[in-house]
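Colleague: Give me coordinates for this.
(one chain, ligands or ions: 1)
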Amino acid sequence: MLGLVWILSLNTQAIGGAPERGKSFAHVAEASWGKGLSTLLRIVRMTLRHPWQVAITIVSTFIAATLQLFIPRLLGRAIDQAQGVMVAGADAAAEHALWNTALILLVVSVLRGLFTMAQNYFGEAVGHRTGYELRLAFYEKIQRLSFSFHDKVHTGDLITLGLLDLDGVRMFFSTGILRVVLLGVLIGVGAYLLISTDLVLGLLSLSFVPFVAWRSSVTQLKLRSTWLTLQQRLSVLSRVMDENLGGIRVVRAFAAQRHELEKFDRAKQDALDLATERVDIRVSNTSAMNFSFLAAMGLVLWFGGQKVIAGQISVGTLAQFLTFMTILQMPVRQLGLMVNSFARASTCGTRLFELLDAELDIEDAPDAKDLVVNDGVLRFDNVGFRYAGAGRPTLSGISFEARSGETIGIVGPPGSGKSTIAHLIPRFYDVTSGAITIDGQDISKVTLQSLRKAVGVVQQDAFLFTTSIENNIAYGNPWARETRIGQAAEYAQLHNYIIGLPAGYTTVVGERGASLSGGQRQRLTIARSLMLRPSVLVFDDSTAAIDAGTEQRIRAAMKRFAKDRVTLIISHRLSSLMHADQILFVEGGRIVERGTHEELLALGGRYRALYDLQLRPDDDRPAAMGAA
Ligand code: ATP
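Modeller: Now for the predicted structure:
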């Protein structure tokens, strides 16, 4: 127990200087040993979900280690017996005894090999099963976390959590728990056997153990803390490279190659310095451990040789001590790895469990029912919203109503809150005040699954998956018939382009849809949202990359489709939304003007100014056009 406290306190010191990775995981760096201990206990409990495999592994480890302890004894005995056989006039019984010992040695070695095999096989199996369960829980949690969580935590941190941290937890059984059993048996029972054979020689044989154990533990913890820093520096390096590749056109256009090279060189040098420091730590540690082991062996040879000459012990007994030291050397050196495994599992586990235990701020209410859509009336009732951590509300007093078949246009300056209005409808975020209802049902009281099926949002960022066009369109409805996929593509004015491709609908779009133009990507995401046949369809600036002519054709084609649903169009381009039944002009998170296109023009306010700026013929333009 005391040892564990020591490891965990060392761990806390070692990670004290660790880089802060993602705001919400930052305080883990100061995790107390108490928290580390409860994390380790939780990992042990997870491991015990596979009781049979755990039991077989521990028993196999125990037996393999015990059998290993017989080997020095048997070797010592064999040497003594061989000496007896070599003496002139030795009888057949002496030779027989030697053969017996050799046979037992062989059987013990084979059995030890078999039990070690079982230990490795089942140990790995437990680790992999635990890893599988954790990966599943992790991925499932990621799917359910709200947008506000993703706003705070960097995607790279989540990937590290799901790969490296998860591995640290998964490996704890084989690299931590099993090593405790192995070292416990080897050092504990072995020390007893040696000391009971010869106190002085036994103590001399074990004299290297405390030094090597201490040295290896401290070194591993040092390596661990530098590894965390190295990881951070390498991620800076890959970020520089990633940015350079992503912005290759900007770099070339601004002839900034030299500046980019210097940036890369700085990041690379930082990583190299630390990598060299790690090599120094490792090499000096190995030399110190080798020296202490060889010094102990020299002492055993010296004192043991004296005893052999004095006839106090046999050559075989001396050989037994030396063989035991050789066997013990490697596990003792690995003590550091065991300490590292405890340290790693406690930090990685604390971070991982923090994510798995994170409360979901957007989830189904306990008595949530499926949304039932009849008339399809969408209503915003005095809605207010503030992003977590934001100083002032992003939206205030937003009220409007839209009936099935109606189109609402939302326009306003950048940052006025238009997309935020769109994100509240499928509950990407929850309103801070007021309510949103669909057919009188408060959206916070219906199941998320039914709500998100009823609300389609075509986002500004046209994200595509690396798969066929067909699969991308049918993403929300993988069992859809080909005719429906074709019809959605026709609405989005993409069908003719797709059938012109050599592989048609089965054409695979490249990484993030790179083989399509911006406008084609946007049209594909429009087709994808149409597949859901939602009751509320939101276009969030999703036609910005589409030319006005194509947009007109999309609108004409979708007329029939729009008849049965509420359509919300958010756009900076007035021509995209001036046909709407109601237009809302949003500024500073409030609706400052509302009405039809004609009414807003007649009002002569901000909308009018924007219209004059964008659409009115030059010769007719008023002086105060900058009002928008
Ligand atoms: P644009 O026309 O440029 O797309 P918008 O009118 O759609 O802008 P929103 O994206 O709704 O504006 O943003 C409204 C305000 O909320 C902005 O000040 C923005 O900085 C802030 N904001 C947007 N998303 C977040 C977020 N995830 N966390 C915190 N603040 C945010």
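
Colleague: Quick one: mean pLDDT over the helix or strand containing Ile421.
Modeller: Using DSSP states H and E, Ile421 sits in helix 418-424. Across helix 418-424, pLDDT averages out at 94.

Colleague: Could you identify the helix or strand that succeeds it?
Modeller: strand 433-438.

Colleague: Report the distance from that next one to the chain centre.
Modeller: 35 Å (Cα atoms, centre = their mean, to the nearest Å).

Colleague: Let me know how buried the residue of the stretch 501-628 of the chain at minimum distance from the ligand is, in neighbour terms.
Modeller: Going by Cβ to the nearest ligand atom, the ligand is nearest to Asp541 of the stretch 501-628 of the chain, at 5.9 Å. Where C-beta positions appear, they are placed from N, C-alpha and C, glycine not excepted. A count of nearby residues for Asp541, using other Cβ atoms under 10 Å, gives 21.

Colleague: In space, what's closest to it - neighbours in sequence excluded?
Modeller: Nearest residue to Asp541 in three dimensions, chain neighbours excluded: Gln460, at 4.7 Å (Cβ to Cβ, 6 or more residues apart in numbering).

Colleague: What ranges does the chain have for its strands?
Modeller: 378-385, 395-402, 407-411, 433-438, 441-442, 455-458, 536-540, 566-570, 582-587, 590-595 (DSSP state E).

Colleague: can you list those strands in TSV and add mean neighbour count?
Modeller: Formatted as TSV, these follow (neighbours: other Cβ atoms under 10 Å):
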stretch	mean neighbour count
strand 378-385	19
strand 395-402	18
strand 407-411	25
strand 433-438	18
strand 441-442	16
strand 455-458	24
strand 536-540	24
strand 566-570	25
strand 582-587	22
strand 590-595	17
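
Colleague: Just the buried positions in stretch 294-304, please.
Modeller: Neighbour-count burial for stretch 294-304 flags 296-297, 299-300, 303-304 (criterion: 16 or more other Cβ atoms under 10 Å).

Colleague: swap that for stretch 133-140, sorry
Modeller: By 16+ other Cβ under 10 Å, the buried positions in stretch 133-140 come out as 134, 137-138.

Colleague: The residue in the stretch 51-200 of the chain that the ligand sits nearest to: how many residues sit nearby?
Modeller: Taking Cβ to the nearest ligand atom as the measure, the point where the stretch 51-200 of the chain comes nearest the ligand is Asp151, at 4.2 Å. When counting by other Cβ under 10 Å, one arrives at 12 neighbours for Asp151.

Colleague: show me what contacts it?
Modeller: Listed by Cβ atoms under 8 Å, 6 or more residues apart in numbering, the contact set of Asp151 reads 387-388.

Colleague: Quick one: end-to-end distance for stretch 246-264.
Modeller: 15 Å (Cα to Cα, to the nearest Å).

Colleague: Sorry, slip of the keys, the one I care about is stretch 390-406.
Modeller: Termini of stretch 390-406 sit 33 Å apart (Cα to Cα).

Colleague: And stretch 435-453, by the same measure?
Modeller: Stretch 435-453 end-to-end distance (Cα to Cα) = 19 Å.

Colleague: on that earlier part again, export the buried residues of stretch 294-304 as TSV, with columns for distance to Leu494.
Modeller: Formatted as TSV, the buried residues of stretch 294-304 follow (distance: Cβ to Cβ, whole Å):
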residue	distance to Leu494
Ala296	77
Met297	77
Leu299	82
Val300	81
Phe303	87
Gly304	85
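
Colleague: circling back: which ones among the buried residues of stretch 133-140 lie within helices?
Modeller: Judged by DSSP state H, the buried residues of stretch 133-140 include 134, 137-138 as members of helices.

Colleague: surely Phe147 meets Phe428?
Modeller: Yes - using Cβ atoms under 8 Å, Phe147 is in contact with Phe428, at 4.6 Å.

Colleague: if you count what's nearby, which of the two comes out ahead?
Modeller: Shown here are Phe147 and Phe428; by other Cβ under 10 Å, Phe428 has more neighbours (18 against 13).

Colleague: What are the neighbouring residues in contact with Leu352?
Modeller: Here Leu352 is in contact with 134, 138, 161, 165-166, 169 (criterion: Cβ under 8 Å, 6+ apart).

Colleague: Read off the pLDDT value for it.
Modeller: The model's pLDDT for Leu352 equals 90.

Colleague: Which pLDDT does the model give Ala88?
Modeller: pLDDT at Ala88 comes out at 65.

Colleague: let's number from 13 now, not from 1
Modeller: With 13 as the first residue, the last one maps to Ala100.

Colleague: ok, so what distance separates Glu418 from Leu390?
Modeller: If you measure Glu418 against Leu390 using Cβ to Cβ, to the nearest Å, the figure is 9 Å.

Colleague: Overlap of the contact sets of the two?
Modeller: Any residue near both Glu418 and Leu390 by Cβ under 8 Å, 6+ apart counts here, and that gives Val578.

Colleague: residues touching the spatially closest residue to Met590 that is not a sequence neighbour, list them.
Modeller: Nearest residue to Met590 in three dimensions, chain neighbours excluded: His609, at 4.3 Å (Cβ to Cβ, 6+ apart). Listed by Cβ under 8 Å, 6+ apart, the contact set of His609 reads 590-592, 595.

Colleague: these two touch, right, the residue of the stretch 513-640 of the chain closest to the ligand and His584?
Modeller: Yes - counting by Cβ under 8 Å, His584 is a contact partner of Asp553 at 6.7 Å.

Colleague: returning to that earlier point: joint contacts of Phe159 and Phe440?
Modeller: With Cβ under 8 Å, 6+ apart, Phe159 and Phe440 have common neighbours Ile374.

Colleague: and for stretch 498-508, what are the contacting residues?
Modeller: Contact with stretch 498-508 is made by 485, 510, 517, 532, 535-536, 538-540, 542-543, 562, 565-566, 569-570, 573, as judged by Cβ under 8 Å, 6+ apart.

Colleague: thinking again about what came up before, quick one: which of the contacts of His609 is most hemmed in?
Modeller: Counting neighbours by other Cβ under 10 Å, Ile595 comes out on top of the contacts of His609 with 23 neighbours.

Colleague: That one and Ser588, how far apart?
Modeller: Applying Cβ to Cβ to Ile595 and Ser588 gives a distance of 11 Å.

Colleague: pretty sure Ala385 contacts Asp451?
Modeller: Actually, residue 385 is Val. It isn't Ala. Yes - counting by Cβ under 8 Å, Val385 sits close enough to Asp451 to count as a contact (5.7 Å).

Colleague: Out of the two, name the residue with the larger neighbour count.
Modeller: Val385 (19 against 16).

Colleague: What's the separation between the residue lying closest to Arg404 once chain neighbours are set aside and Glu145?
Modeller: Sequence neighbours aside, Arg398 is the residue nearest to Arg404 in space, at 7.1 Å (criterion: Cβ to Cβ, 6+ apart). Remark: distance between Arg398 and Glu145 (Cβ to Cβ) = 38 Å.

Colleague: Leu53 too?
Modeller: Taken as Cβ to Cβ, the span from Leu53 to Glu145 is 17 Å.

Colleague: Same check on Thr338?
Modeller: Using Cβ to Cβ, Thr338 is found at 40 Å from Glu145.

Colleague: Give me every residue in the stretch 163-312 of the chain lying close to the ligand.
Modeller: By the rule Cβ under 6 Å from any ligand atom, the part of the stretch 163-312 of the chain lying against the ligand is Asp163.

Colleague: For the stretch 163-312 of the chain, which segments are assigned as helices?
Modeller: Along the stretch 163-312 of the chain, the stretches classed as helices by DSSP state H, counting those that start in this stretch are 167-172, 178-182, 184, 190-195, 202-209, 211-218, 220-258, 260-265, 269-321.
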